[in-house]
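Visitor: Okay, here's the prediction I keep looking at, along with the sequence it came from:
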Amino acid sequence: MPNLVFKEYEGSVYAQASRAAVLQHMKYAKEAEIPWGISESQYYRFDLNSNYQYKAFGVPKIRLQPVRRNSLVVAPYATMLALDIAEEECMKNLTRLKELGVFGDYGFYESIDFNVPNSVDLTPYCIVKSYMAHHQGMNLAAINNYLNEGILRERFHAEMMIKATEVLLEEKR
C-alpha cells in the first residue's frame, strides 16, 4: 500500500522489501493452488445483520500476527497494489480472478474465500460480492500510477515535507 504514494528507489531497502513481499504472496498462493493477493478484507462469514465480516489476513511468512490456521482469502486489490512491481504476473492473476467470477458491475469484488466451499455453485470457494470504497480507491490509485508513470507518487513527493524525508526511502543495506 505505501507504494501508492511513496517512491521506490532502485536498490533501496524499501524496494527490496516490496519485491520480496510480492514474491512471498506468489509463492504461498502457488503452494496453496489459489490466485495470489492475500490481504485484509471481508470474508465469507456474516454477523447477525447479514453483513460480511472483515479481518486482517496475510501470507504467513510476512504477516505481523501469528496465526493458528492459514486463511485463504484473496483480495483483488492486493494484486493491484503490485502492478508497478510485477506487471505481467498481476495481469495473469487478475485474469484468473475474473475467470473465477470475482468481477462484477463495478469492478473486482472484495474477495474470494477459499476456506468456504460453495454448495450451490459446487466450487471450492465463495465470492464476497461487495465493494469496499477504500479498496476500490486503492485499485483506482494503483491503476492511475500504472498508466501515468507514478503520477500520485510524483504529486505526493512534490510536497516539501515529504520531499525532505526522501533520504529515508533511499536507504540501502
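Guide: Done, it's in. Numbering: from 1, shown residues only.

Visitor: Quick check: the gap between A21 and Y125.
Guide: Distance, A21 to Y125, by CB to CB, to the nearest Å: 24 Å. Where you see a C-beta, it was placed from the backbone N, CA and C, and this is true even at glycine.

Visitor: Between the two, which has more neighbouring residues?
Guide: Set side by side, A21 and Y125 show more neighbours around Y125, with 23 against 17, by other CB atoms under 10 Å.

Visitor: mind checking how far the more buried one is from E33?
Guide: 11 Å.

Visitor: neighbours around the closest residue to I62 other than its chain neighbours, how many?
Guide: Counting by CB to CB, 6 or more residues apart in numbering, Q24 is the residue found nearest to I62 once chain neighbours are left out, at 5.0 Å. Using other CB under 10 Å, Q24 is surrounded by 18 other residues.

Visitor: In a strand, Q24, correct?
Guide: No: counting by DSSP: H, G, I helix; E, B strand; the rest coil, Q24 is not part of a strand but helix.

Visitor: That one contacts R63, doesn't it?
Guide: No: judged on CB atoms under 8 Å, Q24 makes no contact with R63 at a distance of 9.7 Å.

Visitor: With only the CA atoms kept, save the longest strand along the chain in PDB.
Guide: Taking DSSP state E as the criterion, the chain has its longest strand at strand 41-46. Output of strand 41-46 as PDB, limited to C-alpha atoms (Å, rounded to 0.1, in the frame of the first residue of the first chain):
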ATOM      1  CA  SER A  41     -10.700  -7.900   3.600                       C
ATOM      2  CA  GLN A  42     -14.200  -9.100   4.100                       C
ATOM      3  CA  TYR A  43     -14.600 -12.800   4.000                       C
ATOM      4  CA  TYR A  44     -17.500 -15.300   3.700                       C
ATOM      5  CA  ARG A  45     -18.800 -15.100   7.300                       C
ATOM      6  CA  PHE A  46     -21.800 -13.000   8.400                       C
END
